[in-house]
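Chemist: Fold the following and give me the result.
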Amino acid sequence: MRDLSQQLADLSPAQRSLLEKRLQQQGLRLPSSLPIPQRSPAAPDNEEPLSFAQQRLWFIHQLDLNSSFYNVFSGLRLQGRLDVAVLEKALQAVVQRHDTLRTTFTTNAEGQPVQVIQPSATVSLVQQDLSLSGNPAAAAQQLAQQEAHGSFDLTQPLLRLTLLKLAATDHLLLVTLHHIIADRWSLGIFIQELQQLYEALSCQQPAPLKPLPIQYADFAVWQRQWLQGLELERQLSYWRQQLAALPVLNLPSDRPRPTVPTFQGATYPITFAQPLADALKNLSVQSGVTLFTVLLAAFKILLQRYSHQNDIVVGTDIANRNRVETEGLIGLLVNTLVLRTDLAGDPTCLELLQRVRDGLLGAYAHQDLPFERLVAALNPERHLSQMVPLFQVKFDLQLAPLQPLSLGDLTVHPLVFDNETTKFELRLNLVDSEAGLRGQVEYSTDLFERPTIARLVGHFQTLLENLVARPQQRLSELPLLTSAERQQHQAWN
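Modeler: Model (predicted):
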């Protein structure tokens, strides 16, 4: 995941100064860069307070012990000669390096949830041989689905590791963590460090990793000390004003919204070829905005057309690692921003890009307020049909191309399978790859049929193509129908 804070890090001093001036003109400022100190002295019995995000997940878990919505899962296909003993040692080293991977949760004498950090832990790598089954790949896929949706007990270790043998030189490593100890960014750190440690151990070389400046509990303690008083009120004041009288996005659906949703979901793949991706990047450069801004604006136009609403609210994730101490930390640091844009007045596409950019600058300047604190402060009306408050649709963009993976002499391929659950009505995930923009639409099967999502993706591509071709046109002038739909309408007429 690459977010706005990383884009900020890419700026030159002159560009950063210009951005600061723009923010000041809007009464905004960049997030604090206060260093996060190591906690001292250590809490008794290795008990530490929860971060705000951990506290919310802990309460959710008390309501639904079997929920697997908050699992962070990855499957790695390892092809080549695998040294299982070295793999276990590398996994052990990663677990020993990060306190979160040795953390469980309980309540203290006052009944408050605390995280308990074990000084050490022995990695349990469950191994299963599928090589003699009729279809090892299919069996592995089924087991991966089961593992990805298996529940956790927060009082027990929250990392599960499974190694499936498909053939003598073909294995599948399944890594499952509870979201309370890790986010998707953390999973990338886990895999990267595993790769470095496996290669070093294979060659009997010392570990190449530098000591971590802090552990996650340091961040949790710092967050609670820093985010209070005037700083808390400054951030809350912005969001209260920005999200006042928040609308509900009413997308047309194939079925009525159930009173109690099942949260069953599916995914539909997206591929926008390199010429379109390049055109979108050129537009972003010419307009003085990021690719994220262009895609978010286009997505909001699409939602406006579908809902016939001008006040469009979309959620997005940011890595929230805008301090050097947290860059290599495994833990729950990701935050959610609520991005609201007024599309009224039929602006031109270029005008809308500036509206979206200004909204992003304001959100970024107040990104340190945890989503959990925001929800508690706003206390919105809750509906059983919504699992996530404040928004129903989400958009995420991975700006950096995925790096090829390797593990010593092994070639590594991530396991891809259809997600069968969703917390949102729609979620658009895109990756900027060398082959263009790729990704998927995650959607609620309570509401939408697959052909509906296919049409939506086609309309989005048409919209993007017309946006880059004539960015000066007004929103109402943007064609939405695909060429096949236009031919069909002409035939009917």
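Chemist: where's stretch 304-318 relative to the chain centroid, distance-wise?
Modeler: Stretch 304-318 has its C-alpha centroid displaced from the chain centroid by 18 Å (C-alpha atoms, centre = their mean, to the nearest Å).
Chemist: From L464, how far off is E485?
Modeler: E485 sits 16 Å away from L464, taking C-beta to C-beta, to the nearest Å as the criterion. From N, CA and C alone the C-beta is placed, and that goes for glycine too.
Chemist: And for I36?
Modeler: Counting by C-beta to C-beta - I36 and L464 are separated by 40 Å.
Chemist: which of E485 and L464 has more neighbours?
Modeler: Using other C-beta atoms under 10 Å as the criterion, E485 and L464 rank with L464 on top: 24 against 15.
Chemist: Tell me who's in contact with the residue nearest to that one when sequence neighbours are not counted.
Modeler: Nearest non-adjacent residue to L464, counting by C-beta to C-beta, 6 or more residues apart in numbering: A298, 5.5 Å away. Counting by C-beta atoms under 8 Å, 6 or more residues apart in numbering, A298 touches F460, L463, L464, L467.
Chemist: biggest separation within those residues, which pair?
Modeler: Farthest pair in the contacts of A298 (C-beta to C-beta) is F460 and L467. Separation: 10.3 Å.
Chemist: which one of those two has more residues nearby?
Modeler: L467 (24 against 21).
Chemist: Go ahead and confirm that one touches L478.
Modeler: Yes. At 6.6 Å, L467 and L478 qualify as touching, with contact defined as C-beta atoms under 8 Å.
Chemist: any residues in contact with both of these two?
Modeler: Common neighbours of L467 and L478 (C-beta under 8 Å, 6+ apart) are I301, C349.
Chemist: Give the ranges of residues in the chain that sit below the confidence cut-off.
Modeler: 1-34, 39-46, 65-67, 383-387, 399-404, 417-419, 489-493 (pLDDT under 70).
Chemist: Please, where are all the helices along it?
Modeler: Secondary structure of the chain by DSSP state H: the helices cover 4-9, 13-25, 52-63, 84-97, 136-148, 184-202, 216-226, 229-242, 274-287, 291-307, 349-365, 371-378, 450-469, 483-492.
Chemist: Format those helices as CSV; extra columns: distance to P261.
Modeler: Listed next are the helices of the chain as CSV, based on distance: least, C-beta to C-beta, whole Å:
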stretch, distance to P261
helix 4-9, 31
helix 13-25, 39
helix 52-63, 15
helix 84-97, 36
helix 136-148, 20
helix 184-202, 23
helix 216-226, 32
helix 229-242, 26
helix 274-287, 34
helix 291-307, 19
helix 349-365, 27
helix 371-378, 19
helix 450-469, 17
helix 483-492, 30
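Chemist: which one of those helices is the most hemmed in?
Modeler: Mean neighbour count (mean count of other C-beta atoms under 10 Å) peaks for helix 291-307 among the helices of the chain, with a mean of 22.
Chemist: How far does that helix sit from its chain's centre?
Modeler: 19 Å.
Chemist: ditto for stretch 206-217
Modeler: 24 Å.
Chemist: Identify each buried residue in that stretch, please.
Modeler: In terms of neighbour count (16 or more other C-beta atoms under 10 Å), stretch 206-217 has its buried residues at L212, P213, I214, Q215, Y216, A217.
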